[in-house]
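Trainee: test case, fold it:
(chains A and B)
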2 protein chains.
Amino acid sequence: MSAAKPIGVFDSGIGGLTVVRALLKELPHENIVYFGDTARVPYGPKSPQVVREYALQDTEVLLQHNPKLIVIACNTVSAVALDVVQKRAKVPVVGVILPGAEAAVKASRKKRVGVIGTLGTVRSNAYTNAIRQLDESVQTFGQACPLFVPLAEEGWTDHKATELIAKEYLFPLTLEKIDTLVLGCTHYPLLKAVIGKIFHDNIVLIDSGEATAVSVKRMLEESGLRNTSTMKPRLQFFVSDVPHKFSEVGERFLGQKLGKVQRVGGFSA
Amino acid sequence: MSAAKPIGVFDSGIGGLTVVRALLKELPHENIVYFGDTARVPYGPKSPQVVREYALQDTEVLLQHNPKLIVIACNTVSAVALDVVQKRAKVPVVGVILPGAEAAVKASRKKRVGVIGTLGTVRSNAYTNAIRQLDESVQTFGQACPLFVPLAEEGWTDHKATELIAKEYLFPLTLEKIDTLVLGCTHYPLLKAVIGKIFHDNIVLIDSGEATAVSVKRMLEESGLRNTSTMKPRLQFFVSDVPHKFSEVGERFLGQKLGKVQRVGGFSA
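Mentor: Next up is the predicted model:
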């Protein structure tokens, strides 16, 4: 029966819904429980210490739903708190960093990889370390892009201002002759078009969420935990706050309607 | 001795430092205790329910320092939680909305006032209600500008992208022939130049923080609580997290170095 257990997914907010979207594509029959800590979002600018504490609390929410596997659908958390979550959970825990790093190493012919993300993710050097462990001849170039999250949440994905901001952030990376760029934040897939344009679409964009979904599929298959049911799966969404514009923004990230969203108490008390 | 007690100031993060800056200008000899809830910033997009809970917790932090008066240096909190904070504290509590509204009514000759702020502030209609209570013949026009906060924190105060974004947000207000605009978010004074430009500098910009400082000065004088000491005042800064780039961003908001910043625990547990 354990194959019918849900995959647990958590994120600082709604960005992780792009990872759920990728999971639904790779694994259309898996039940999923999602928790977004919308009462304390964003984690990106916050200190590693606070992010680790929040990550443990998010994990507790998911553990109440008895998941067979947990996906940390947040780059900042994966970068600074994977170890503490793995230690706490009694089930496999998958972050987005390692799958993203593997996909980048595989894709880069020139062995020159750019990594963009929040300040927390870029400062942690988590992608650089993961990539170097896989292939120490690969050179990496990091760039924090703090305005990309609010731009994606505002839905300004093809605005002239977004293009100017992307140009400013990414210009240093164009000079480094990278051929592969890791979208190291779950919000960034919404900005793929404008990011690609800065590199004249002459670059491989790595969506860590998609790479993670592929990795989760393989893990479930190898461990015999893949849900073989062909029933419509059960998707449950929990948040710590239901902020203004939540359903509108959430739909854009998930690529479909969210249905019922339940608020979990205790995150503001 | 109670005149020597500090003024307590709290905000969701560092935006409230622009209000401290205004207080220091109006009342250079007052001791000040500041608390910024940087572990959970921003409050602007969050629900009124969560903002009220957070505001009460922020108030508890200040009450431990025995303030003679509390300033809510956050428009979102002032808009949705002034009543609960006033009920909890045993000292006078001043929000930024009423002083800002008074200054706007006084300034507007055409009786057409624009109000910009976070989604939470604009949706609350707090400025509109306050302005109408002062003068019901004044028409107000609200506009949420969610990207202004991250732009101010990034320090992109005169970037071309900021200008484009300001133009998009403020264009509807230019059509309304307003002659006065309330900067209904403590981050916005940093964007005064770019905002003024959209209106060809032919508009009065109301800085609610400055209006609040004037109001606090009057209150302290009337109640005999003004600090008559001419000693250098004691400024204390507390935060719930010390995020990346904190001191750099904080200095820009305060207009001077912050000195020692202490972290208050319990906000992530």
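Trainee: any idea how chain A splits into domains?
Mentor: A:7-95+A:210-263, A:97-208 (automatic domain parsing).
Trainee: now those domains in TSV, with mean pLDDT, mean neighbour count and distance to residue B:156?
Mentor: No exception for glycine: its C-beta is placed from N, CA and C like everyone else's. TSV is the format used below for the domains of chain A (pLDDT from 0 to 100; neighbours: other CB atoms under 10 Å in any protein chain shown; distance: least, CB to CB, whole Å):
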stretch	mean pLDDT	mean neighbour count	distance to residue B:156
domain A:7-95+A:210-263	96	20	15
domain A:97-208	97	20	8
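Trainee: as a markdown table, these with distance to residue B:259 would be great.
Mentor: Formatted as a markdown table, these follow (distance: least, CB to CB, whole Å):
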| stretch | distance to residue B:259 |
| --- | --- |
| domain A:7-95+A:210-263 | 19 |
| domain A:97-208 | 23 |
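Trainee: which element is residue A:113 on?
Mentor: According to DSSP states H and E, residue A:113 maps onto strand A:112-117.
Trainee: flag every residue of chain A that's near chain B.
Mentor: With CB under 8 Å from any CB of the partner chain as the criterion, chain A comes near chain B at residues A:38-40, A:45-47, A:49-50, A:53-54, A:57, A:119-120, A:123, A:146-147, A:149-151, A:153-154, A:156, A:159-162, A:164-165, A:168, A:240-245, A:268-269.
Trainee: now the helices for the stretch 1-150 of chain A?
Mentor: All helices of the stretch 1-150 of chain A, identified by DSSP state H, counting those that start in this stretch, fall at A:17-26, A:48-63, A:75-88, A:97-107, A:119-124, A:126-134, A:148-154.
Trainee: specify the angle between the third one and helix A:126-134 in degrees.
Mentor: Helix A:75-88 and helix A:126-134 are oriented at 70 degrees to each other (axes from the mean of the first three to the mean of the last three CA atoms, to 10 degrees).
Trainee: closest one to residue A:204 among the helices of the stretch 1-150 of chain A?
Mentor: helix A:97-107 (4.4 Å; CB to CB).
Trainee: show me what that closest one is packed against.
Mentor: With contacts taken as 3 or more CB pairs under 8 Å, 6 or more residues apart in numbering or on different chains; DSSP states H and E, helix A:97-107 sits against helix A:75-88, strand A:112-117, helix A:126-134, strand A:180-184, strand A:204-207, helix A:208-222.
Trainee: one more time with 7 Å
Mentor: When contacts are defined as 3 or more CB pairs under 7 Å, 6 or more residues apart in numbering or on different chains; DSSP states H and E, helix A:97-107 sits against helix A:75-88, helix A:126-134, strand A:180-184, strand A:204-207, helix A:208-222.
Trainee: kindly reformat these as JSON lines containing distance to residue B:128.
Mentor: What follows is those, written out as JSON lines (distance: least, CB to CB, whole Å):
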{"stretch": "helix A:75-88", "distance to residue B:128": "37"}
{"stretch": "helix A:126-134", "distance to residue B:128": "46"}
{"stretch": "strand A:180-184", "distance to residue B:128": "41"}
{"stretch": "strand A:204-207", "distance to residue B:128": "43"}
{"stretch": "helix A:208-222", "distance to residue B:128": "41"}
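Trainee: those: which one's closest to residue B:197?
Mentor: With CB to CB as the measure, strand A:180-184 is the member of those nearest residue B:197 (34.0 Å).
Trainee: from residue A:120, how far off is the nearest residue to residue A:153 once chain neighbours are set aside?
Mentor: Spatial nearest neighbour of residue A:153, excluding adjacent residues (CB to CB, 6 or more residues apart in numbering or on different chains): residue A:249 at 5.6 Å. Residue A:249 sits 21 Å away from residue A:120, taking CB to CB, to the nearest Å as the criterion.
Trainee: distance to residue A:181 added to the helices of the stretch 1-150 of chain A, as a markdown table?
Mentor: Listed next are the helices of the stretch 1-150 of chain A as a markdown table, based on distance: least, CB to CB, whole Å:
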| stretch | distance to residue A:181 |
| --- | --- |
| helix A:17-26 | 16 |
| helix A:48-63 | 24 |
| helix A:75-88 | 14 |
| helix A:97-107 | 8 |
| helix A:119-124 | 13 |
| helix A:126-134 | 11 |
| helix A:148-154 | 13 |
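Trainee: of those helices, which is nearest residue A:221?
Mentor: helix A:17-26 (10.8 Å).
Trainee: contacting residues for residue A:173?
Mentor: Neighbouring residues of residue A:173 by CB atoms under 7 Å, 6 or more residues apart in numbering or on different chains: A:114, A:141, A:143.
Trainee: residues in contact with the first one?
Mentor: It refers to residue A:114. A:141, A:143, A:173, A:176, A:178, A:181-182.
Trainee: of those, closest to chain B?
Mentor: Set against chain B, the nearest of the contacts of residue A:114 by CB to the nearest CB is residue A:143 (13.5 Å).
Trainee: which residues touch the closest one?
Mentor: Shown in contact with residue A:143 (CB under 7 Å, 6+ apart): A:114, A:116, A:122, A:169-170, A:172-173.
Trainee: same thing with residue A:102?
Mentor: Going by CB under 7 Å, 6+ apart, residue A:102 touches A:134, A:211.
Trainee: look up how far chain B lies from it.
Mentor: For residue A:102, the distance to chain B (CB to the nearest CB, to the nearest Å) stands at 27 Å.
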